[in-house]
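K.L.:
got a sequence here, can you model it:
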Amino acid sequence: MRHNKKFNHLGRKKGHRDAMLANMTISLIQHKRIFTTLPKAKALRVYAEPLINRAKDDSTANRRLVFSYLQNKEAIKELFNEISQKIANRPGGYLRILKTGFRKGDGAETCFIELVDYNENMLAAGKEKKQSRTRRSRRKSAAEKAEAAAPATEEVKAEEAAPAAAEEAPKAE
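P.N.:
The predicted structure is shown next:
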């Protein structure tokens, strides 16, 4: 029976699965983005996010614990020195999965998995998107009512100002 065994085995035995996830985590730390299948990316997120969270507290114990999973000095250095500074204020959700379609050979669903704080294009688009808001209500807001009334009053003021300007022009000469 498989009671409470929710994680995806990915068609591999435990040793092979752990080695694959460790290698993918090392590649993700070094390259900041990797291309893989959707089930592997979801399993990688569950595996890598706790390790990335450990990097926030740079202690010998945390370095040793993460090294016991990854076994790669360069990845540990990069994780604790560079990545930990970028994620210091983030409470979680360090990885983003972006679906890219289906693989031609076997139809597997593919995706990118990337570190959230390292995609400058998405960060710039997110800042621009937050600035523009649209109202989707059918009834007019107070601002729209004021705008609708404003052109009518501006036209009246312009008509009143035009004859006055015409009268003043000959006096100036």
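
K.L.:
give me the pLDDT value at Ser141.
P.N.:
Looking at Ser141, its pLDDT reads 66.

K.L.:
residues near Phe102, how many?
P.N.:
Other residues near Phe102 come to 13 when the count uses other Cβ atoms under 10 Å. In short, each C-beta sits where N, CA and C put it, glycine included.

K.L.:
Pro39 too?
P.N.:
By other Cβ under 10 Å, the residues close to Pro39 number 15.

K.L.:
am I right that Phe112 sits in a strand?
P.N.:
Yes. With DSSP: H, G, I helix; E, B strand; the rest coil as the criterion, Phe112 is assigned to a strand.

K.L.:
can you report how many residues neighbour the residue lying closest to it once chain neighbours are set aside?
P.N.:
Closest residue in space to Phe112, ignoring its immediate chain neighbours: Leu98 at 4.6 Å, by Cβ to Cβ, 6 or more residues apart in numbering. Applying other Cβ under 10 Å, we find 12 other residues in the vicinity of Leu98.

K.L.:
do the same with Ile97
P.N.:
14.

K.L.:
on that earlier part again, list the residues that contact the residue nearest to Phe112.
P.N.:
Taking Cβ atoms under 8 Å, 6 or more residues apart in numbering, we find Leu98 in contact with Cys111, Phe112, Ile113, Glu114.

K.L.:
go with 10 Å
P.N.:
Leu98 makes contact with Arg33, Ala41, Cys111, Phe112, Ile113, Glu114, Asn119, Met122, according to Cβ atoms under 10 Å, 6 or more residues apart in numbering.

K.L.:
most neighbours of all those, which one?
P.N.:
Counting neighbours by other Cβ under 10 Å, Ala41 comes out on top of the contacts of Leu98 with 24 neighbours.

K.L.:
what's near enough to touch that one?
P.N.:
Residues in contact with Ala41 (Cβ under 10 Å, 6+ apart) are 24, 28, 34-35, 95-99, 109-114.

K.L.:
can you name the helix or strand that the residue nearest to Phe112 falls in?
P.N.:
strand 95-102 (DSSP states H and E).
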